[in-house]
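**Q** Dropping a prediction and its sequence here:
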Amino acid sequence: MPSERFVIPIGPQHPALKEPGHFEFSVEGERVTGATVRLGYAHRGIEKACEERNWVQSLYLLERICGICSHIHTTAYCLGVERLAGVEVPPRAQAIRVLIAELERVHSHLLWLGVAAHEAGFDTLFMYSWRDRETVMDVLEGLTGNRVNYSANVLGGVKYDLDEARAETIRKGVDYLEARTYYYLELVVHDPVFVQRTRGIGTVTREQAEWLGLVGPAARASNVARDLRVESPYAAYDLFPVQMVLETAGDLEARVSVRLKELFESYRVIRTILDKLPTGEIKGRMPKKVREGETVSRVEAPRGELFYFIKSNGTDKAERVKVRTPTLCNLAPMMTLAIGHQLADMPMLLAGVDPCFSCNDRSIVVRNAQEAETRWTWEQLRRYGIEVYKCKR
Amino acid sequence: MRLEELWEQLEARLATWGRTHSPWAVHFNSGSCNGCDIEILATITPRYDLERFGVKIQGSPRHADILVCTGPVTRQARERLLRIYEQMPSPKFVLAVGTCAISGGVFQGCYNVVGRVDAVIPVDMYVPGCPPRPEAIIDGILKLLEKAQAEGVAT
Amino acid sequence: MKITTMLGDVLRSLLRPNSTQQYPAERQPDPERLRGKLVWNGEKCTGCALCVKECPALAIELITLDKAAKRFVMRYHIYRCTFCAQCVENCRFGCLQMSNTDWELAAADKSAFTVYYGKEHDIEMARSAQAASTKPEPAEG
Amino acid sequence: MTALEQAQGLLAAWAQETRTPEAGRLDVVIAPEKLVAATTALFDARWGYLAGITGLDAPKSGQIEVLYHFCAGAYVLTLRIALAREKPSIASICSVIPAASMFERELAEMFGVAVVGTPDPSRLFLPDDWQDGVYPLRKDFAEEASHAE
């Protein structure tokens, strides 16, 4: 009976989702025939709020767009505003920014690995990667004083300097993590359970990835060379160049291995920065008011390209701050890709793009209006479940 | 008569003991930046291991004793927060984690933000921090359990 | 995972020290830069209120009792603070500091989250002025 | 020939004005009705990808400016289109770039710009009980409780 489509709603509160999002999968048997997502549970209206706060207050507001990639949001914002104001940022500050950004990438990728493993039912790997992630969290806490929202960036530079003792801690942490990352890389391509859940699932060809506009590790897993650290080196990436990591397969396994291989690049860059940290000041003078103008600031967040458009009207407040986060680019294509997959693959497919709803919800929601469907509420589904189990008993 | 009273007392104490030694928690993000959420998740991972105290983070509000709330409450999430709270069986406790959940934090006055959690549902314990360290979250949960134990949660 | 690798892993894990920290019983040293509760020492304060102006969460208020005599009281709302340390950054006289030991701030009562800093009788004055004023707590929530 | 020069060549037929606000950026002002044609030209030449759509409200000049950002490597090309603030409307580019759908819906909801022909014009990310005809990112939208007291 194709007219009686079954809709499975998931979320916004759901054990597998740590963040609020509401998904609906229509299924025929086990096969997904349509997927929609309703976000907006974490939409807070940050873009508007930026217009009413001064430049410094906005910095901390934007930092709290996302708790996982907080530093990269402020970096994008600071780079843009500093360019508008014509402020020279000392090279040491830029290098420290890059250092923290790479440490953040390490933490984000390890976090993601854990979550993806959890979705695959591989909780041992989840616990392993989160245990090891504490190493980088400790490093970040020692360097900046907070584990998540580091608040290391200020307009014109950074707050926290690096000394030799801290550099040594970072080196030790990175050495430990590198050994662990080799282990994970070995594990994810050999463990039959994990491979079954990832190999050949959610394949995106290179043409599709370009056409659908994927960014970040999801694009690089499909052999699309998009990495702003390489294409347009910002902050100190021209001094400490990064190699782009590409995979050709385009499936979930490729997305896992791109992220893990990127970690090695991050470790290398972190070590180079520690060895060749430029000397000098860590802060430039920042005026209270920023002269009129517009700028585009693009940086590579752990999840892909982050796009900021900042317009100033010459006062101490921004005229407009537009934020386009990578999740937005990646989530919609995944919804298209979901069609034809097993329902059981959905958590992994979603985890594969590393969706970050708090990033996203600041501004957007995707929903394909699908009419003439039998929509089930959570309550109805629950009742149905109870009925089924009653019958079984 | 006396025996019955004694029995009731014993029952109440037993219930309090049971409820404060293995509370199950459900986590709801009502619009947070994710910072608090990953720290809550970190408390169940090996380093902090919240299960040492019998606390288990699980999915269904119907099996939960503690509702762990993060984030300022957005308009869209308000209804869900209320519904989850209503679905929880009594006695129930609410733990507001993070500055946003306590006051709205940096999001005070944003157009899509209703505000703090205790404007929607009653809160029993507040854990400030942006985000609080996992240790601070554990501290908050322990303080909550202490309080519950002192007050007794037989009913 | 191959069974041999797995067994090796299990054996190694047995020999490793336990990765769980017994938190309330055992404590790790607090990191030096940890940003906990804000502490104000008003001896050098000139009342410039730069800390207040750029606070992203309106967490601090500087109450001027007598500008000429440099009598100020700081009211600090922990429940609004985002612990960003911008105020510490802004203060030219080093009056503000974020404590690295005072970070276990959980409380059941919200009144514990409003802290007054300053000389004792100044605080009394500020408190009674607050109690007398009809103005409600600014923008709570 | 750099990518920006190539883009300038592609868009020469429709460009009313061309500016270089910063190194690596090119702003091209075009008329609203030329948008689909200009986008098609960029797409046919495989020039970059659509990175986002920004709306700018300027009540003083009575205009809403819509910015289409295209990125190719380090270069950013922006198509700028000025619309009248009263009943602004623009054609959808989803027929050329399907991924634009979300950006267009954001534009419609936040600025009240009618996007003609967009595949899914339904309520987007604002809450279900949001009042119709209120556009939060317009300058005259007053927040109920302003941050600055």
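**A** Received it, and whenever you're ready, just let me know what you need.
**Q** Tell me where chain C has strands.
**A** For chain C, applying DSSP state E gives strands covering C:38-40, C:60-66, C:71-77, C:96-98, C:114-117.
**Q** can you check chain A too?
**A** With DSSP E as the criterion, chain A has strands at A:6-10, A:22-28, A:31-38, A:153-154, A:157-158, A:293-301, A:304-312, A:318-324.
**Q** Mean neighbour count for those - can I get that in TSV?
**A** Bear in mind the C-beta positions are built from the backbone N, C-alpha and C, glycine included. Conversion of the strands of chain A to TSV gives the following (neighbours: other CB atoms under 10 Å in any protein chain shown):
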stretch	mean neighbour count
strand A:6-10	17
strand A:22-28	19
strand A:31-38	19
strand A:153-154	27
strand A:157-158	26
strand A:293-301	23
strand A:304-312	25
strand A:318-324	23
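**Q** I'd like those laid out as a markdown table, including mean pLDDT and distance to chain C.
**A** Shown next, in a markdown table, are the strands of chain A (pLDDT from 0 to 100; distance: least, CB to the nearest CB, whole Å):
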| stretch | mean pLDDT | distance to chain C |
| --- | --- | --- |
| strand A:6-10 | 67 | 30 |
| strand A:22-28 | 72 | 26 |
| strand A:31-38 | 71 | 27 |
| strand A:153-154 | 92 | 6 |
| strand A:157-158 | 92 | 11 |
| strand A:293-301 | 92 | 20 |
| strand A:304-312 | 91 | 17 |
| strand A:318-324 | 89 | 14 |
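**Q** Chain D is nearest to which of those?
**A** With CB to the nearest CB as the criterion, chain D lies closest to strand A:318-324 of the strands of chain A, at 3.9 Å.
**Q** Show me how far that closest one is from its chain's centre.
**A** Relative to its parent chain, strand A:318-324 has a centroid offset of 20 Å by CA atoms, centre = their mean, to the nearest Å.
**Q** what about it and chain B, touching?
**A** No: Strand A:318-324 does not reach chain B (CB under 8 Å from any CB of the partner chain); its nearest approach is 13.0 Å.
**Q** tell me what that strand is packed against?
**A** Where contact means 3 or more CB pairs under 8 Å, 6 or more residues apart in numbering or on different chains; DSSP states H and E, strand A:318-324 is packed against helix A:46-50, helix A:55-63, strand A:304-312, strand D:49-58.
**Q** what pairs with that strand, and is each one parallel or antiparallel?
**A** Strand A:318-324 has its sheet partners listed here by DSSP bridges as strand A:304-312 (antiparallel).
**Q** Go through the lengthiest helix in chain D and flag the buried ones.
**A** As assigned by DSSP state H, the longest helix anywhere in chain D is helix D:100-111. The neighbour-count check on helix D:100-111 (16 or more other CB atoms under 10 Å in any protein chain shown) flags D:100, D:101, D:102, D:103, D:104, D:105, D:106, D:107, D:108, D:109, D:110, D:111 as buried.
**Q** The stretch 51-200 of chain A: helices as residue ranges?
**A** A:55-63, A:70-85, A:91-119, A:123-144, A:164-190, A:192-198 (DSSP state H, counting those that start in this stretch).
**Q** Mind checking these for the one nearest to chain C?
**A** Comparison of the helices of the stretch 51-200 of chain A against chain C by CB to the nearest CB identifies helix A:55-63 as nearest, at 3.8 Å.
**Q** any idea of the angle that closest one forms with helix A:70-85?
**A** 150 degrees (axes from the mean of the first three to the mean of the last three CA atoms, to 10 degrees).
**Q** Not counting helix A:55-63 itself, show me its contacts.
**A** For helix A:55-63, contacts defined as CB atoms under 8 Å, 6 or more residues apart in numbering or on different chains pick out A:46, A:49-50, A:53, A:70-71, A:73-74, A:77-78, A:81, A:149, A:151, A:153-155, A:288, A:290, A:316-318, A:321, A:323, B:106-107, C:54-57, C:82, C:84, C:86, D:147.
**Q** mind running it again at 6 Å?
**A** Outside helix A:55-63, the residues that touch it by CB atoms under 6 Å, 6 or more residues apart in numbering or on different chains are A:49, A:50, A:70, A:73, A:74, A:77, A:149, B:106, C:54, C:56, C:84.
**Q** Could you measure from residue B:65 over to chain C?
**A** Separation of residue B:65 from chain C (CB to the nearest CB, to the nearest Å) stands at 16 Å.
**Q** Over to residue D:44: give its phi and psi.
**A** Main-chain dihedrals, residue D:44, degrees, to the nearest 10: phi -60, psi -30.
**Q** Now for it, how many residues are close by?
**A** Here the number of neighbours of residue D:44 (other CB atoms under 10 Å in any protein chain shown) works out to 10.
**Q** Low-confidence stretches in chain B?
**A** Across chain B, the ranges flagged by pLDDT under 70 are B:1, B:154-155.
**Q** Strands of that one, start to end?
**A** All strands of chain B, identified by DSSP E, fall at B:24-29, B:56-57, B:66-70, B:73-74, B:93-97, B:113-115, B:125-127.
**Q** and the angle for the longest one with strand B:93-97?
**A** Looking back up the chat, that one is strand B:24-29. On the basis of the same axes, to 10 degrees, strand B:24-29 is oriented at 40 degrees to strand B:93-97.
**Q** anything in strand B:24-29 near chain A?
**A** Yes: with CB under 6 Å from any CB of the partner chain as the criterion, chain A is reached by strand B:24-29 at B:28, B:29.
**Q** where does chain C have low pLDDT?
**A** Within chain C, the segments meeting pLDDT under 70 span C:1-2, C:134-141.
**Q** Repeat that for chain D.
**A** Where chain D drops to pLDDT under 70, the residues are D:1, D:122-124, D:142-149.
**Q** all strands of it, in order?
**A** With strands called from DSSP E, chain D shows them at D:17-19, D:25-29, D:49-58, D:63-72, D:75-84, D:89-91, D:114-116.
**Q** Tabulate the ones you listed (TSV), appending distance to chain A and mean neighbour count.
**A** Listed next are these as TSV, based on distance: least, CB to the nearest CB, whole Å; neighbours: other CB atoms under 10 Å in any protein chain shown:
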stretch	distance to chain A	mean neighbour count
strand D:17-19	10	12
strand D:25-29	6	20
strand D:49-58	4	23
strand D:63-72	7	22
strand D:75-84	5	21
strand D:89-91	17	19
strand D:114-116	14	17
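**Q** can I get those in a markdown table with distance to residue C:43?
**A** Formatted as a markdown table, those follow (distance: least, CB to CB, whole Å):
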| stretch | distance to residue C:43 |
| --- | --- |
| strand D:17-19 | 54 |
| strand D:25-29 | 51 |
| strand D:49-58 | 48 |
| strand D:63-72 | 52 |
| strand D:75-84 | 51 |
| strand D:89-91 | 61 |
| strand D:114-116 | 60 |
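**Q** Those: which one's closest to residue A:126?
**A** Minimum separation from residue A:126 across these (CB to CB) falls at strand D:49-58, 33.6 Å.
**Q** Can stretch B:97-104 be said to contact chain D?
**A** No: judged by CB under 6 Å from any CB, stretch B:97-104 makes no contact with chain D; its nearest approach is 9.7 Å.
**Q** how about the CA coordinates for that stretch, as PDB?
**A** What follows is stretch B:97-104, C-alpha atoms only, in PDB (Å, rounded to 0.1, in the frame of the first residue of the first chain):
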ATOM      1  CA  VAL B  97      23.400  23.500  33.900                       C
ATOM      2  CA  GLY B  98      25.200  26.500  32.600                       C
ATOM      3  CA  THR B  99      24.700  30.200  32.900                       C
ATOM      4  CA  CYS B 100      22.200  30.300  30.000                       C
ATOM      5  CA  ALA B 101      19.800  27.900  31.700                       C
ATOM      6  CA  ILE B 102      20.000  30.000  34.900                       C
ATOM      7  CA  SER B 103      19.500  33.500  33.500                       C
ATOM      8  CA  GLY B 104      19.800  33.400  29.700                       C
END
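**Q** Need the contact partners of it.
**A** Residues from elsewhere that reach stretch B:97-104 (CB under 6 Å, 6+ apart): B:32, B:36, B:68-72, B:96, B:105, B:115-117, B:126-128, B:130-131, C:79-80, C:82, C:141.
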